[in-house]
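Colleague: Model the structure of this input:
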Amino acid sequence: MENYKKLLDKQGYAIVPVENMDLLNKIRMSFIEKLNIPKQAKKNINTVREEIAKMSKAEINRSMIDLLKLTNLSEIIINSFPLLIKYLCGKELFIQRRATMIMNVPGEGQSKQWPHYELMSGISPFTFVIWAPLHDLEEKSGVYYINQKESLQIMKKEEAAGLVNGPTVLNMMSDYDPIPLKFGEAIIFNPFVLHGNINFESKLARVACNVRFQSFTKPLLQKNSDYLKYFEIN
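Modeller: Predicted structure coming up:
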């Protein structure tokens, strides 16, 4: 845990192993069951991803609404990393009330996400984010992260110019490669780290889940209990 803490303090993010794979597999199976795809296709995660890649935006939106039925997703993700989270934040937490399931389909204008950092949406500076794919990521199909030192330099430059996500940020997308991850690995990062993704060329959709959390002893600032809720990790 100390090694991950050093990485988080130095570069703002770290690749970590999932501690409870039974729970991550449960998330993946629950996700698959909620999708309106042929029953036969649900037997293999890559076949599932292929079916998602064929969906229209309206079909993806309907699936995202159905996924809201996974009301305990935040707790399951948190309990997948109990030792790491307790080491960083203690047992008493504020956690995101509804964790996020993400489905990105390949193709121009579909998979790209502009660089951003969590503080932009009012997240407390004491918050961490865990992002975990539900399958192995193909080369250059994940998310890129810009180390904390460089991210802060960019933010200061933008602040001096009175900008948020100005040309400096928006033009940097092609300069970074996404971090490869296997199913069973995750990225944990702090809210000062710029991150995003480029258009990826895989024929399969990318599926991941993420959740935000912080110590119960730290202030929430702009976010409140409509967004976060109390949780005690075992």
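
Colleague: in this protein, which spans are helices?
Modeller: Applying DSSP state H to the chain gives helices spanning 2-11, 21-34, 45-53, 57-67, 73-79, 82-89, 148-161, 167-170.

Colleague: Any chance of TSV for these, columns distance to F183, mean pLDDT and mean neighbour count?
Modeller: For every residue, glycine as well, the C-beta is placed using N, CA and C. Output for these, formatted as TSV (distance: least, CB to CB, whole Å; pLDDT from 0 to 100; neighbours: other CB atoms under 10 Å):
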stretch	distance to F183	mean pLDDT	mean neighbour count
helix 2-11	19	91	13
helix 21-34	8	96	16
helix 45-53	8	95	18
helix 57-67	19	90	14
helix 73-79	14	98	20
helix 82-89	18	97	17
helix 148-161	27	89	14
helix 167-170	30	75	14
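
Colleague: Which among those is found nearest to I130?
Modeller: helix 73-79 (6.3 Å; CB to CB).

Colleague: ok, residues contacting that closest one?
Modeller: By CB atoms under 8 Å, 6 or more residues apart in numbering, the list of residues contacting helix 73-79 from outside reads 20, 23, 26-27, 30, 85, 93, 95-99, 101, 130, 132, 209-211, 213, 229, 231, 233-234.

Colleague: As TSV, the helices of the chain with distance to I179 would be great.
Modeller: Shown next, in TSV, are those (distance: least, CB to CB, whole Å):
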stretch	distance to I179
helix 2-11	12
helix 21-34	18
helix 45-53	19
helix 57-67	24
helix 73-79	19
helix 82-89	18
helix 148-161	15
helix 167-170	19
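
Colleague: Ok, which of those comes nearest H116?
Modeller: Evaluated with CB to CB, the helices of the chain place helix 167-170 nearest to H116, the distance being 8.1 Å.

Colleague: by contact count, what packs against that closest one?
Modeller: Contacts defined by 3 or more CB pairs under 8 Å, 6 or more residues apart in numbering; DSSP states H and E place helix 167-170 against strand 113-116, helix 148-161.

Colleague: Check what contacts the last one and list those residues.
Modeller: By that I understand helix 148-161. 10-13, 117, 146, 164-166, 168-169, 172, 190, 192-194.

Colleague: Nearest the geometric middle of the chain, what residue?
Modeller: In the chain, the centroid-proximal residue (CA atoms, centre = their mean) is W131; its distance is 3.1 Å.

Colleague: Show me what it bridges to in the sheet.
Modeller: I187, N210 (DSSP bridges).

Colleague: Double-check it against V143; I have them as touching.
Modeller: Yes - here W131 lies in contact with V143, judged by CB atoms under 8 Å, at a distance of 6.7 Å.

Colleague: Need the residues touching each of those two.
Modeller: I187.

Colleague: Select only the buried ones of the contacts of helix 148-161 in ChimeraX?
Modeller: Of the contacts of helix 148-161, the buried ones can be selected in ChimeraX as follows, counting by 16 or more other CB atoms under 10 Å:
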select :11,12,13,117,146,169,172,190,192,193,194
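
Colleague: Can you pick out the most distant pair from the contacts of helix 148-161?
Modeller: It's K10 and G166 that sit farthest apart of those, by CB to CB, at 26.6 Å.

Colleague: tell me how far stretch 185-195 is from the chain's mean position?
Modeller: 8 Å (CA atoms, centre = their mean, to the nearest Å).

Colleague: gap between the two ends of it?
Modeller: Across stretch 185-195, the terminal residues are separated by 18 Å (CA to CA, to the nearest Å).

Colleague: do stretch 220-234 as well
Modeller: Per CA to CA, the first residue of stretch 220-234 is 22 Å away from its last.

Colleague: go on, stretch 192-207?
Modeller: Terminal residues of stretch 192-207 are spaced 24 Å apart (CA to CA).
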